[in-house]
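Peer 1: here is a sequence with its predicted model. Questions after.
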Amino acid sequence: MARIDQQSRNPILEIDNISLNFGGTVALKDINMDILPGEILAIIGPNGAGKTSLFNCMNGFYRPQKGTITFKKTDITRQPPYKIAKMGVARTFQNIELFTGLTALDNLMAARHILMKQGALAGGFFFGSARKEEVQHRQVVEDIIDLLDMESIRKKVVGSLPYGQRKRVDMGRALCMEPDVLLLDEPMAGMNVEEKEDMARFILDIHELKETSIVLVEHDMAVIMDLVSRGIVLDFGRKIADGTPEEIKDNPQVIKAYLGDKFSKKGVSL
Amino acid sequence: MRPCGVFDETYEKDIAIVRTRGHWLLLIGSLLFLFILPLFAPYYLLNLTNNIFITVIVVLGLQIVTGCCGQISFGQPAFMAVGAFFSAVLTTKFGISFWIALPLSGIAAGLVGLIGGAPSLRIKGFYLAMGTIAIFYLTMWVITHLHITGGHQGLSVESPSIGSFVFDTDERIYYIILIITIILTFFARNLLRSRVGRVFVAIRDNDLAAEVMGVNTFYYKLLAFFISCFYAGIGGSLFCHWYTVVNSEQYTLIHGLNFIGMIIVGGLGSIPGVFFGVIFLRLLDELVLFGSPFLTELIPKLGIAPAASLGVMVFGLVLIIFLIFQPRGLAHTWEILKTSYRIYPYKN
């Protein structure tokens, strides 16, 4: 199905041979990978493998010492995060970084920032155009609130929300930017099965409705098997596998990284 | 105050500040009251009101940069001084009318504020607060060492006028101060519910996440400083044309601490909170001023000490009480009152 023409399409984001060191510690070493338009890609690996570092490189928090990252044919390796965000890369965080003093609704409206135009003067007088723009964007935000089942928490201050709902606001906020690439850093960490199922449904909905490329870091193999079309495995900052979930599951190197030498020889799969 | 059972049916209505007919009546009524206040208010009250309104203007600015954008600034009195001296110099030395000098002094203070805000690129919180104290002393030093500002003596300034009508009494200048306060309050309140205001709060709450949302955080921090110092400059300019004299003694670091105290007592990030905080602490000041002679009479051993130091002590005590018992300020108490009114007879 869609996968065949994905192969023929050009990648939307290319990571070419990047290396990242913190002093003597190697965080990433010679990573090459592509993100194709409209695919769901998983990045997996044990703790400290460099998954979040890779995300931080993609959205400009870290600047790799070597290599380039190209997004929509533009080199973004040394761009500041806000410029990369404007070009269409959105992300969520492992430890939810929300604007805790704003309501859920305002969190989402704040994410429309790059798509809105009014400046301080227009906002300050709030006549005509500014109010019209607010309402226009409010409608889009309401659609996303609808999509993520957040109607009941719309006007609640985010600081008072429980964990699962904060994760949802975080995801909604990234969606409100209408990104081309959505980076989800452990969207299901710390959730129970029911919440995980909800989140998986949201991810599939988003993928279907918006045709966004989604990259997710995840540990739960069951989730990965069901959701993604391709997976990349990192271990100690190196890429050790790239392929369909089935291929990854049976890859001896991956099993070794997760379970140790003993199991990789026995033909166990994850 | 929204009574129970009133719901918003459109997004326009949902984001409106004045929602019901009752609101409109209340708004127009209180504005009318403010406009006729000089007709019957005694001199003392009017003087106090002028002072409160000018403080409100300055603290509104501080609320934007500190309460909303999270960049602590103790430099506000210095930017007031910049506005005051700029306006004084323009009107006395260059013969420019007050009406042009007023906005220009706001802009001048705003531009100086950009220098004050520049360190916020690298430093945060406590260290930025220290930085703004440095900016305060630097600015005051420059002002007192310039020839054109009259050095330590300062300048005497004329009252503003239109044609032959001179705003030289408290009642007359009250109207100028009132109208500007209304405009600037309107502006600040709207700014905070629009795109730029949300970005300010976003930067306060989580600047990393704001950056990932595509916000150029440094630009918006500087913008917050500019707007804040613009307000301070306008306040300073009004103050000097009201007092008709300007000198560096009027602007001390203690004022800067007071302003911070006002937004804490009123509630960080809230525009009504500015009014609550300023009025509360100003009235407290007056109370102390009246009260301290009685205290000396009661305990003669104290001498004149209470008059000099009681104000500072009470200010500190009030601040501590608020930080412990109501850290979200009077604005939060007001919100609780509104909610209980709406859901009455149920309880929260």
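Peer 2: Arrived safely, thanks for sending.
Peer 1: who's in contact with B:L208?
Peer 2: Contact analysis of B:L208 by C-beta atoms under 8 Å, 6 or more residues apart in numbering or on different chains lists A:F61, A:E97. Where C-beta positions appear, they are placed from N, C-alpha and C, glycine not excepted.
Peer 1: and the residue nearest the centre of chain B, helix, strand or coil?
Peer 2: Centroid-nearest residue in chain B, with C-alpha atoms, centre = their mean: B:V59, separated by 1.7 Å. Of the three states, B:V59 takes helix according to DSSP: H, G, I helix; E, B strand; the rest coil.
Peer 1: from chain A, how far off is it?
Peer 2: Per C-beta to the nearest C-beta, to the nearest Å, B:V59 is found 17 Å from chain A.
Peer 1: which ones are touching that residue?
Peer 2: B:V59 sits next to B:Q76, B:F259, B:M262, B:I263, B:G266, B:V274, B:G277, B:V278 when contact means C-beta under 8 Å, 6+ apart.
Peer 1: which two among those are spaced furthest apart?
Peer 2: Based on C-beta to C-beta, the longest span within these runs between B:Q76 and B:G266 and measures 14.7 Å.
Peer 1: break the chain into its domains for me.
Peer 2: You didn't say which chain, so I picked chain A. A:1-88+A:179-270, A:99-178 (automatic domain parsing).
Peer 1: not what I meant, chain B
Peer 2: B:44-251, B:253-348.
Peer 1: just name the most buried of these.
Peer 2: Among those, domain B:44-251 has the highest mean neighbour count (mean count of other C-beta atoms under 10 Å in any protein chain shown), at a mean of 21.
Peer 1: now that domain: mean pLDDT?
Peer 2: Mean pLDDT, computed over domain B:44-251, is 93.
Peer 1: equivalent analysis for stretch A:125-138, please.
Peer 2: Here the average pLDDT along stretch A:125-138 is 86.
Peer 1: buried sites along that stretch?
Peer 2: Residues A:F125, A:F126, A:A130, A:R131, A:E133, A:E134, A:H137, A:R138 are the ones in stretch A:125-138 that count as buried (16 or more other C-beta atoms under 10 Å in any protein chain shown).
Peer 1: kindly report the same for stretch A:46-66.
Peer 2: Residues of stretch A:46-66 classed as buried under the neighbour-count rule (16+ other C-beta under 10 Å) are A:49-62, A:64.
Peer 1: do that stretch and chain B meet at all?
Peer 2: Yes - against chain B, stretch A:46-66 shows contacts by C-beta under 8 Å from any C-beta of the partner chain at A:N59, A:F61.
Peer 1: just give me how far that stretch sits from the chain centre.
Peer 2: Centre-to-centre, stretch A:46-66 and its host chain are 13 Å apart (C-alpha atoms, centre = their mean, to the nearest Å).
Peer 1: check stretch A:16-29 too.
Peer 2: With C-alpha atoms, centre = their mean, you get 21 Å for stretch A:16-29.
Peer 1: so what's the residue of the stretch 51-200 of chain B found nearest chain A up against?
Peer 2: For the stretch 51-200 of chain B and chain A, the shortest gap (C-beta to the nearest C-beta) falls at B:S194, measuring 3.0 Å. Residues near B:S194 by C-beta under 8 Å, 6+ apart: A:Q118, A:A122, A:G123, A:G124, A:F126, A:A130, A:E134.
Peer 1: beta partners of the spatially most central residue of chain A?
Peer 2: What sits nearest the mean C-alpha location of chain A, by C-alpha atoms, centre = their mean, is A:L183, with 1.3 Å. Beta-bridge pairing for A:L183 (DSSP bridges): A:R91, A:V215.
Peer 1: ok, back up a step: which stretch in the domains of chain A is the model least sure about?
Peer 2: With a mean of 86, domain A:1-88+A:179-270 has the lowest mean pLDDT of the domains of chain A.
Peer 1: near chain B, which of the contacts of B:S194 show up?
Peer 2: By C-beta under 8 Å from any C-beta, the members of the contacts of B:S194 lying near chain B are A:Q118, A:A122, A:G123, A:G124, A:F126, A:A130, A:E134.
Peer 1: nearest residue to the second one in space, please, no chain neighbours.
Peer 2: If I follow you right, that is A:A122. In this structure, A:A122 finds its nearest non-sequential neighbour in A:A130, 4.4 Å apart by C-beta to C-beta, 6 or more residues apart in numbering or on different chains.
Peer 1: what helix or strand is the one you found on?
Peer 2: Per DSSP states H and E, A:A130 falls inside helix A:129-147.
Peer 1: ok, the closest residue to chain B within the stretch 51-200 of chain A - contacts?
Peer 2: Nearest residue of the stretch 51-200 of chain A to chain B (C-beta to the nearest C-beta) works out as A:G123 at 3.0 Å. Contact partners of A:G123, counting by C-beta under 8 Å, 6+ apart, are A:A130, B:N190, B:L191, B:S194, B:R195, B:V196, B:G197.
Peer 1: got it, and A:P46?
Peer 2: For A:P46, the contacting residues are A:D235, A:A257, A:Y258, by C-beta under 8 Å, 6+ apart.
Peer 1: can I get the residues you listed in TSV including neighbour count, distance to chain B and secondary structure?
Peer 2: Formatted as TSV, the contacts of A:P46 follow (neighbours: other C-beta atoms under 10 Å in any protein chain shown; distance: C-beta to the nearest C-beta, whole Å; DSSP: H, G, I helix; E, B strand; the rest coil):
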residue	neighbour count	distance to chain B	secondary structure
A:D235	19	27	strand
A:A257	22	29	helix
A:Y258	17	30	helix
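Peer 1: of the contacts of B:V59, which belong to helices?
Peer 2: When DSSP state H is applied, those are split such that B:Q76, B:F259, B:M262, B:I263, B:G266, B:V274, B:G277, B:V278 fall in helices.
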